[in-house]
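Q: fold the stuff below for me.
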Amino acid sequence: MSNKISRRTFLKCTGASAAALGAAAMLGGCGSSTSNAIEVKVGDKVSNWNNLGVQLTSVFTMANTPDLPNHEYVAVLVTAVNRSGATTFNIGAQNLAELDAAYPLNDEATKRQYFHALAASTTDFTAVCDGAEAEVGAYIQLYDAAAQSFSESTNLPPQGAGYIQLICCVPIGWQKLSVTFTPTFVANKSLTFSLNSSDLTQV
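A: Presented below is the predicted three-dimensional model:
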């Protein structure tokens, strides 16, 4: 199974529809938490964790890597909302414009270079797959409710909603994947997204 991601031929997760986000963005009906460490599985919803609401929405197989045999890209989609009234949350790579300019996504080699650079710039996320460290890159797709459209960003503004898009490089045939988010906006706390290969979205 392979869901070839269409946005810039590499990173956009298809299925991330405006309607789906509009229904889930406010993440109502679930308890708040300020725990130091919290685990989120596919389908889990956390309405407020240190002013961040999240739901692990879906997981997609993307495509095989062009230069790493027996590996593939997996996209993990997390619905997110910033509940703060004044604080912008820095999430994922903070230099997307520079990466876009340095690595135009027009061939397989450049796509791989882009992913390496994205992962290196994503210092607040770490990934472990089947007990081994895995590369992960992250950025934000902000949602504009009025226009029902998305825009790429490195930050989640106050009261803003969108998707955190996590791109992981994992071995083909992987079984368990965990991605831990250690935010810059809250000290000594972490949020871990845990999933199994059986959680992959069927497309």
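Q: show me the helices in this protein, by range?
A: All helices of the chain, identified by DSSP state H, fall at 18-24, 96-102, 108-121.
Q: do you know which of those helices lies nearest residue 198?
A: With CB to CB, the closest approach to residue 198 among the helices of the chain belongs to helix 18-24: 20.9 Å. C-betas here are computed from N, CA, C, even on glycine.
Q: rewinding a little: burial-wise, tell me which of the helices of the chain comes out on top.
A: Mean neighbours per residue, mean count of other CB atoms under 10 Å, is largest over the helices of the chain for helix 108-121, with a mean of 18.
Q: burial measure for the closest residue to residue 121 other than its chain neighbours, as a count.
A: Using CB to CB, 6 or more residues apart in numbering and skipping the chain neighbours, the partner closest in space to residue 121 is residue 93 (3.8 Å). The tally of other residues near residue 93 (other CB atoms under 10 Å) stands at 22.
Q: residue 140 versus residue 93, what's the distance?
A: 10 Å (CB to CB, to the nearest Å).
Q: what sits in contact with each of the two?
A: residue 154 (CB atoms under 8 Å, 6 or more residues apart in numbering).
Q: residues contacting residue 198?
A: For residue 198, the contact set (CB under 8 Å, 6+ apart) is empty.
Q: tell me if I'm right that residue 183 and residue 124 touch.
A: Yes. Between residue 183 and residue 124 there is a contact under CB atoms under 8 Å: 6.1 Å.
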